[in-house]
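**Student:** Give me a model of this one.
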Amino acid sequence: MTDEKRSFAEQALHYHAQPRPGKTATALTKPVATQHDLSLAYTPGVAVPVQAIAEDPQQAYRYTNKGNLVAVISNGSAVLGLGNVGALAGKPVMEGKAVLFKHFADVDVVDIEVDAESPKAFIDTVRRIAPSFGGINLEDIAAPDCFDIEQALKEQLDIPVFHDDQHGTAIIIAAGLLNALELTGRRLKESRIVCLGAGSAGIASMRLLHKLGADKRHITLVDRQGVVHSERRNINPHKREFARRTGRRTLEEALAGADVFIGVSGPDLVSPAMLQSMADNPIVFALSNPDPEITPANAHAARTDLIMATGRSDYPNQVNNVLGFPFIFRGALDVQASAINTEMQIAAVRALAQLAHEPVPESVLQAYELSQLKFGRDYIIPKPFDPRLRAVVSQAVAQAARDSGVARDIRPADSESP
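**Tutor:** Below is the predicted model:
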């Protein structure tokens, strides 16, 4: 370990340990200063809302924190780039997710690490604790179990269930890609797309792009064994959705003539020669973190006509999930949605894409120490510290929930709470 890395590691440990362990705590929202306050907060006053909720469960949104409370839940099987470190070791990440929810969208979070021996045990655990929450954010669960876990919980629960590693990533990729396609004069339906990585993010991204209009015949999915093609055997049904008839077998062959590359895989897997074989004005989303599939320096040296995005904050066009999940849940919670459905996801995509076209506030320029920022090849997606994100994305998601019939509270967004 280098001195620089050791220093940062020491800083990270100190940050998490001092002045008190962890990154979150409980805050009270009601006064408890007098005996009367105490009688309202607990016995005997608490019995009144208990009875109201027993008679009408929907009253839990009025009298408890359910309507602003999300559970961030993981089994620790796919934590960041560290793999299956176990439920407890994943807790710092789940606490970190709670910080982002609260900071960006004022959503309260309880992080829950489930030591489950099977997907069924995990599903049963989450189902049993779900009544406490207004939404469930699944996190860092390995594929293919993540697909089955999310689908089962969606079917069994009447609150939003959202696997951010799937849909959060997909939404940000889609928003950036729509803008990149616009800049290069392409249509999504006609674009030839290569996705390297067939886990949760890759599959979900291709599914969402297909719903937005991408043609599956023009999507090539590539995993560790090469192109996912129709003659391959022993591939899971999620990959099978994108198995196409093609004679191409390798990533190098797949990228020849491609319009778009989306990488959600690992570092240094794409060579300059591969980029040189792509179509004119290629779109390259090299999203492996912290080290992309090809570095921006190598990519721009190979092609002067490309639009590039990474997952890193020190390069233009960062594809960052924090642009999505806090505001998506904010919008869903604001209307007491029973789900986060495809319509709500697409609304988030279009809101994010449109926001990048708007003049950038001075506060954003100051936060990133920039003199100017406008829609173009180096700005296809908003910055995470853009203060407009909460209103723009949340309101779009809330309206889509109303329009698609999953909103239980359909009052106008500016109406007063009872």
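
**Student:** wait, doesn't residue 145 sit right on residue 78?
**Tutor:** No: Residue 145 lies out of contact with residue 78 (Cβ atoms under 8 Å); the separation is 9.2 Å. Where C-beta positions appear, they are placed from N, C-alpha and C, glycine not excepted.

**Student:** Which of the two has more residues huddled nearby?
**Tutor:** residue 78 (22 against 17; other Cβ atoms under 10 Å).

**Student:** Contact partners for the more buried one?
**Tutor:** Applying Cβ atoms under 8 Å, 6 or more residues apart in numbering to residue 78 gives the contacts 84, 140-143, 146, 165, 199-200.

**Student:** part of a strand, is residue 111?
**Tutor:** Yes: assigned with DSSP: H, G, I helix; E, B strand; the rest coil, residue 111 falls within a strand.

**Student:** Domains in the chain, by residue range?
**Tutor:** With domains defined by automatic domain parsing, the chain comprises 3-159, 166-418.

**Student:** hey, what's in contact with both of residue 145 and residue 78?
**Tutor:** By Cβ under 8 Å, 6+ apart, no residue touches both residue 145 and residue 78.

**Student:** Go ahead and flag the most central residue of this structure.
**Tutor:** What sits nearest the mean C-alpha location of the chain, by Cα atoms, centre = their mean, is residue 168, with 2.0 Å.

**Student:** Next up, the contacts around it.
**Tutor:** The contact partners of residue 168, by Cβ under 8 Å, 6+ apart, come to 162, 321, 324-325, 328.

**Student:** Just the buried ones among those residues, please.
**Tutor:** 162, 321, 324-325, 328 (16 or more other Cβ atoms under 10 Å).

**Student:** can you list these in a markdown table and add secondary structure and distance to residue 260?
**Tutor:** Output for these, formatted as a markdown table (DSSP: H, G, I helix; E, B strand; the rest coil; distance: Cβ to Cβ, whole Å):
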| residue | secondary structure | distance to residue 260 |
| --- | --- | --- |
| 162 | strand | 25 |
| 321 | helix | 20 |
| 324 | coil | 20 |
| 325 | helix | 24 |
| 328 | helix | 24 |
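
**Student:** out of these, which one sits closest to residue 346?
**Tutor:** residue 328 (11.4 Å; Cβ to Cβ).

**Student:** So the closest one versus residue 241, what's the distance?
**Tutor:** Distance, residue 328 to residue 241, by Cβ to Cβ, to the nearest Å: 24 Å.

**Student:** Pretty sure residue 199 sits against residue 264.
**Tutor:** Yes: at 7.1 Å, residue 199 counts as touching residue 264 under the criterion of Cβ under 8 Å.

**Student:** before we move on, back to that, and the pLDDT at the residue nearest to the centre of the chain?
**Tutor:** Residue 168 carries a pLDDT score of 97 in this model.

**Student:** For residue 412, report the pLDDT, please.
**Tutor:** Value listed for residue 412 in the pLDDT field: 53.

**Student:** ah, wrong one, I meant residue 8
**Tutor:** 88.

**Student:** Count the neighbours of residue 93 for me.
**Tutor:** Using other Cβ under 10 Å: residue 93 sits among 20 other residues.

**Student:** what do you get for residue 378?
**Tutor:** 13.

**Student:** residues contacting it?
**Tutor:** Neighbours of residue 378 in contact, by Cβ under 8 Å, 6+ apart: 316-317.

**Student:** Apply 10 Å and report the result again.
**Tutor:** 307-309, 315-317 (Cβ atoms under 10 Å, 6 or more residues apart in numbering).

**Student:** what pLDDT does it get?
**Tutor:** On the pLDDT scale, residue 378 gets 96.

**Student:** and if you look at the one 10 residues further on?
**Tutor:** Note on residue 388: pLDDT of 97.

**Student:** Could you pull up the contacting residues of it?
**Tutor:** 351, 355, 358, 360-361, 363-364, 382.

**Student:** Could I get the pLDDT score of residue 234?
**Tutor:** So residue 234 comes in at 87 (pLDDT).

**Student:** Residue 70 is in what secondary structure piece?
**Tutor:** Applying DSSP states H and E as the criterion places residue 70 in strand 69-74.

**Student:** same for the following helix or strand past that strand, what does it pack against?
**Tutor:** With elements assigned by DSSP H and E, the helix or strand that comes after strand 69-74 is helix 91-105. Helix 91-105 makes packing contacts with helix 3-17, strand 69-74, strand 108-113, strand 135-138, helix 325-334, helix 389-404 when contacts are defined by 3 or more Cβ pairs under 10 Å, 6 or more residues apart in numbering; DSSP states H and E.

**Student:** if you set the cut-off to 8 Å instead, what comes out?
**Tutor:** For helix 91-105, the packing partners by 3 or more Cβ pairs under 8 Å, 6 or more residues apart in numbering; DSSP states H and E come out as strand 69-74, strand 108-113, helix 325-334, helix 389-404.

**Student:** Mean neighbour count, those: which tops it?
**Tutor:** Stretch with highest mean neighbour count among the helices and strands packed on helix 91-105: helix 325-334 (a mean of 27; mean count of other Cβ atoms under 10 Å).

**Student:** what's the angle from it to helix 91-105?
**Tutor:** Inter-element angle recorded for helix 325-334 and helix 91-105: 70 degrees (by axes from the mean of the first three to the mean of the last three Cα atoms, to 10 degrees).

**Student:** avg pLDDT for the helix or strand following helix 325-334?
**Tutor:** The first helix or strand that comes after helix 325-334 along the chain, using DSSP H and E, is helix 342-355. Averaged across helix 342-355, pLDDT comes to 98.
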